[in-house]
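Visitor: Provided below for reference: sequence and predicted model.
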Amino acid sequence: MMSKQYSIIKGFIVIYSLTLPYLNLSPAIASEVKQSVKQITQKVATGNSSSSIPRIELSPGYGVNISFIKSDEIIEKVWLDNPTFASLDVDGCLSTEERECDKEGATVIHLRRIKPLKVRQLPLSNTSLLTVIAKGKSERKVYLFKVGMGNKAPTYHTLEIIPDSKIVPENTQFTNIKNINELQLISRGLKIVNSEGLINDKSRLWSRIANFLIKVRMGESINSAARKSGISMRLVNRLIELGNVRGRGQRKVRSWGLPK
């Protein structure tokens, strides 16, 4: 039983050490935490801003997702001009000349680097243009991405397309005092767990708790953030309890079990 509790505790330690430094970042930067999710607006992704076309680098062993879930759009058509070094897949059905979908429902594109292929009809190149036609509630949009080969581990695993209206100004201040106080207790609880020196950086809880902390920092309620991030309130409450233990000067932690 104790070893099982330890394995659960390990998952929090790495998350605490990596996510806590980001809790003091501005809301606009919080969405671009390393090894997580990067967000760009529709205006940028369609080439209608002063920014360059978004570039996606594919490294060996790492795939990258392009998500249109937040923009509430359905992917209708995709073109990858140079398929000699990358493969492409979607999470739903796309209509082609050979196949018609009963219901189109693709919202995420997955790109993966492959061993370079030699295609006589295509010139040698280590880059490609990716064009995506997506349909929203009111109109269709053409999205453009420059895909290339990289040698370093990616700084994000998912590129989220978000509506222009969801841009958060740098000077936005969130005043949910209850959330701030509870967030401090949760962080304190994670610090206690960290002090035990038990680390497991392969825990599935990694991304869930990281996303939870970011959502709370952005002003979302504890309950809503926990539900959307896929963690239980029992777990959140136990971390808050651990934070209160530190606040009362008590340091014995090993007898505290953490729920899954």
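Guide: Cool, the structure landed.
Visitor: Every contact and neighbour count from this point should use C-alpha atoms.
Guide: Fine.
Visitor: Helices of the stretch 101-250 of the chain, residue ranges please.
Guide: Remark: helices assigned in the stretch 101-250 of the chain by DSSP state H, counting those that start in this stretch are 177-195, 205-217, 222-229, 233-247.
Visitor: Return the set of buried residues in the last one.
Guide: I take that to be helix 233-247. Residues Met233, Val236, Asn237, Arg238, Leu239, Ile240, Glu241, Leu242, Gly243, Asn244, Val245, Arg246 are the ones in helix 233-247 that count as buried (16 or more other Cα atoms under 10 Å).
Visitor: Same check on the shortest one?
Guide: Along helix 222-229, these residues count as buried under the neighbour rule (16+ other Cα under 10 Å): Ile222, Ala225, Ala226, Ser229.
Visitor: quick one: contacts of that helix?
Guide: Applying Cα atoms under 8 Å, 6 or more residues apart in numbering, the external contacts of helix 222-229 come out as Asn179, Arg208, Ile209, Asn211, Phe212, Leu213, Lys215, Val216, Ser232, Met233, Val236.
Visitor: Point out where this protein drops to low pLDDT.
Guide: Scanning the chain for pLDDT under 70 picks out the ranges 1-36, 97-98, 104, 165-180, 192-207, 210, 245-260.
Visitor: what domains does the record give for it?
Guide: Per automatic domain parsing, the structural domains of the chain span 2-26+170-247, 36-165.
Visitor: where's the nearest residue to Glu100 once chain neighbours are set aside relative to Ile75, distance?
Guide: Among residues not flanking Glu100 along the chain, Leu94 sits closest, at 7.7 Å (Cα to Cα, 6 or more residues apart in numbering). Remark: distance between Leu94 and Ile75 (Cα to Cα, to the nearest Å) = 8 Å.
Visitor: Could you pull up the residues touching Arg112?
Guide: For Arg112, counting by Cα under 8 Å, 6+ apart, the contacting residues are Leu58, Tyr62, Gly63, Val64, Ala86, Ser87, Leu88.
Visitor: Got a quick ChimeraX command for the buried subset of those residues?
Guide: Here is the ChimeraX command that selects the buried residues among the contacts of Arg112 (16+ other Cα under 10 Å):
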select :58,62,63,64,86
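Visitor: what two of the contacts of Arg112 have the greatest distance between them?
Guide: Tyr62 and Leu88 (13.0 Å; Cα to Cα).
Visitor: Can you name the residues that contact Leu122?
Guide: Asn82.
Visitor: let's see it at 10 Å
Guide: With contacts defined as Cα atoms under 10 Å, 6 or more residues apart in numbering, the neighbours of Leu122 are Asp81, Asn82, Pro83, Thr84.
Visitor: Next: Ser52.
Guide: Val44, Ala45, Phe145, Lys146.
Visitor: which one of these sits closest to Gln121?
Guide: Checking these one by one against Gln121 (Cα to Cα), the nearest turns out to be Lys146, at 20.8 Å.
Visitor: more neighbours, Leu94 and Ile75?
Guide: Ranked by neighbour count (other Cα atoms under 10 Å), Leu94 and Ile75 place Ile75 first, with 25 against 19.
Visitor: Skipping adjacent residues, who's closest to the more buried one in space?
Guide: Per Cα to Cα, 6+ apart, closest to Ile75 is Ala134, 4.3 Å.
Visitor: So what's the residue count around that neighbour?
Guide: For Ala134, using other Cα under 10 Å, the count is 21.
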